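Visitor: Got a predicted structure plus its sequence, pasted below:
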Amino acid sequence: MSPWRALAIGFMSVVTAAMPASAQTPIDDAREPEPRALEEGEFEAVRLQKVVTAVRLTENESITLDGQFDEAAWSRAVPGSDFYQRLPRTGAPATDRTEVRVLYDDDTLYVGIMCFDPEPERIVIKELKEDFDINGTDMVQLIIDSLHDRRSAFALSVNAAGARRDTQVSETGASNNDWDGVWDVKTGRTPEGWTLEYAVPFKTLRFSNEAVQEWGLQIARRVPRRNEESEWAPVPFRYTSLRTQFAGTLRGLENVSPGRNLKVKPYVLGQSTETLVAGSLQSVRSLSRFKDYNGGFDLKYSVTRSLTLDTTYRTDFAQVEVDQQQTNLTRFNVFFPEKRDFFLENSGIFNFGPGGNLVPFFSRRIGLSPAGAVVPIIGGGRVSGQLREYNVGFLAMKTEDAGPTPSNNYVVGRVRRNLLRNSWVGALGTSRDSTLDGNFNRVYGADAHFQFWDRLEFDSYLLRSDTPARPGNNLARRFQTGWRDDELTASVEYNEVQPNFNPEVGFVRRGEMSQYNGEFGWAPLIDHPTIQNLNFGTTVDYYRSEITDNIETRVQEATTGLRLRNNGSANFVVTRTFERLVEPFDIHSDVTIPVGDYDYQNYTANFNAGSNRRTTGSGSITWGEFWDGESTSFTGTLGLRPNYHWSLDLNYTRNDVSLVDGDFTTNLIGARFLYAFTPRAIFNSFLQYNTDTRQVSSNIRFNWTHHPLSDIYIVYNHAQDTGRGQTVGRTFIVKVTNLFNF
């Protein structure tokens, strides 16, 4: 045994001894000899043997979707079985048996899964809502690589109560959980466990026009009371089941077609909106005025079996949840995620580079002002999908005039050539043109990703922007390489954003700088019933100003901690920071940090209680020096789920800052309540209070999915200024959509 691992095990023993007795209790430990686990080098040979054959229904046969396998056709399908753990013992046989059978007819793929469980009364269900949290609940994930490119897939997840979650998988396991497809599932209970019966229309999938199809297939199962995740085809610990390069094979599909696959989804919307004007609320839109009603549509058409056209007219996102407020005590931009359905679907095709500081295409720039106000979108279209070895995406949108914001045309193009097993080279271009002369912006560049031995990675990109009156010094580039295996992580990175680089359809958190980064982490896996691995790591970030060529920021971090088998964790972090200010920094409305050099050190302790219980929680506290003074920051969350119908999530963030120029405190309080009447009828409310702005904001939504991808939304938004005791604005919205599938 190496001295490092001996030290790690010694550290684990001390931590375990300090744990309460309940935390040290082994989970379902039968004290029997454990079967041999596969070595990772054996995974590929096992994967090649993982083949299940679909059986075609006869003309007189049909499947009634009820979670029961009482049709005779199911008995003709040979099941796939023998699952392997990814957690807690990678490569070991799964504790409980799982069987999967596949049937099909001209229009639909049927998948039946039997999850054997000797104690079905102990099955855990936490949520009933759509897109449920897959952690901490008994669930199954059906992953279909219908293009069989071992890169992309559709993942259909279901828990034991029938809650659904659908995911679009792109390169190297990246997932888009906001994709929504047309499919159905029913679950059932038996004395032997629980069952799932899927019906997936071929129209929902993308595949070749070959008469005989061969697809990638993976099934993952989670049993939270054992902290166990298993897959039909074994997957290494460092990856997830969404990595389709490890999937098995589905055969037997013959003479199937997705058909014309034309979908039209119109909507009708009425709303009443009042905003504060000159000290009083003024009606902007009203349900009593017919002219204030709105309508439009989205259209989807399969140009080829792997290429999809999406168009939209009078695009509306009124039902989208409002942004959550954030407290920003840095000098740099804050990132707010995209939440609008049209831009989220197939968004992975436009991903560029490894992300982080720079995102060259950020769809929130379309239809939203920098302050987050809505800019009406007239319409647009998107073509995305695959052409042989190429992933392609093209987007064009047009916005209306909105006061000081002129009408703009946006065009985005992306192409990526797949290489080797998990590598690619690609190019991206974005363009914004307004109706004003000389008001435009272009960004274009190339990126590359290479992966060898599933562990060694190289990422790089080079971008240029063209903006009137900003010539020269308009490049951004990045190079990163790293080694990542089950226990060790090591990487180095160079990142540069020149002063005139200006991606107006993108996002840059920190510009005008060169960054040098180094990271090393060791997370030794522990053979322990409670602890999954320890965590030791260090990072160094060095930022140099592109203008003065002097050091601007240096951050050094050291982390030690552990991760539990229930997804819980605890860490302690020491951070040393050097900052050089060349101009004053207004950190708060009445506090300014003057020009100068600042060297300070702080400490952070954080924990996460895990997701396997009905009550969950996490917290983080940071204390120590801060610029020319000191600060204490606290963030805490508490989640309550008495049953799978309703949940309550509370969060609180507080910053106490004491500086030479003055002291200040910020508080941000949030509460979210959700009640799921059924998986298709959800009531959701979110309330937030910010002591800095002294504003209370609320977002209340009811969503009923009356047919797949067809919804009725009722939404109420309210903003209240507690300082003046005045309503800032309020909106009541009713929106109806219906999907027509041709």
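Guide: Thanks, I have the structure now. Numbering: from 1, shown residues only.
Visitor: pLDDT weak spots in the stretch 151-300 of the chain?
Guide: Across the stretch 151-300 of the chain, the stretches falling below the confidence threshold (pLDDT under 70) are 171-173.
Visitor: in it, which spans are strands?
Guide: Assigned by DSSP state E, counting those that start in this stretch, the strands in the stretch 151-300 of the chain fall at 153-159, 164-169, 175-176, 184-190, 193-201, 212-223, 228-231, 248-254, 262-277, 280-285, 294-304.
Visitor: which one of those lies closest to F116?
Guide: Closest of those to F116 is strand 193-201, at 4.5 Å (criterion: CB to CB). Heads up, the C-betas are built off the backbone N, CA and C, glycines and all.
Visitor: Adjacent strands (with direction) for that closest one?
Guide: Sheet pairing for strand 193-201, assigned by DSSP bridges, gives strand 108-116 (antiparallel), strand 184-190 (antiparallel).
Visitor: what sits up against it?
Guide: With CB atoms under 8 Å, 6 or more residues apart in numbering as the test, strand 193-201 has contacts from 63, 65-69, 96, 107-117, 120, 123, 138, 140, 142, 144, 156, 158, 160, 182-189.
Visitor: Is L428 part of a helix or strand, or is it coil?
Guide: strand (DSSP: H, G, I helix; E, B strand; the rest coil).
Visitor: Burial check on it, number of neighbours?
Guide: Residues lying near L428 (other CB atoms under 10 Å) number 24.
Visitor: so it touches G445, yeah?
Guide: Yes. Between L428 and G445 there is a contact under CB atoms under 8 Å: 6.1 Å.
Visitor: what residues are shared contacts of these two?
Guide: Counting by CB under 8 Å, 6+ apart, the residues touching both L428 and G445 are 352, 360, 463.
Visitor: Can you tell me which of those is nearest V657?
Guide: The nearest one, if we look at the shared contacts of L428 and G445 relative to V657 and count by CB to CB, is P360, at 34.3 Å.
Visitor: Identify the residue nearest the closest one in space, chain neighbours excluded?
Guide: The spatial neighbour of P360 that comes closest, neighbours along the chain excluded (CB to CB, 6 or more residues apart in numbering), is G506 at 4.3 Å.
Visitor: mind checking how far T577 is from P406?
Guide: 42 Å (CB to CB, to the nearest Å).
Visitor: Do a quick rundown of the helices in this structure.
Guide: Secondary structure of the chain by DSSP state H: the helices cover 3-18, 21-24, 43-49, 72-76, 341-344.
Visitor: Might you report the residue contacts of the nearest residue to V212 once chain neighbours are set aside?
Guide: In space, and not counting its chain neighbours, V212 is closest to E254: 5.4 Å by CB to CB, 6+ apart. E254 makes contact with 56, 211-213 under the criterion CB under 8 Å, 6+ apart.
Visitor: swap in V415?
Guide: Listed by CB under 8 Å, 6+ apart, the contact set of V415 reads 390-393, 426-427.
Visitor: Could you list the domains of the protein?
Guide: What automatic domain parsing lists as the domains of the chain is 34-254, 326-522.
Visitor: ok now the first one, how far from the chain's centre?
Guide: Just to be clear, that refers to domain 34-254. Distance of domain 34-254 from its chain centroid, counting by CA atoms, centre = their mean, to the nearest Å, is 20 Å.
Visitor: follow-up on the earlier one: which among the shared contacts of L428 and G445 gets closest to D292?
Guide: Within the shared contacts of L428 and G445, distances to D292 taken as CB to CB reach their minimum at P360, with 37.6 Å.
Visitor: shouldn't P118 be in contact with T95?
Guide: No. Using CB under 8 Å, P118 is not in contact with T95; the gap is 9.4 Å.
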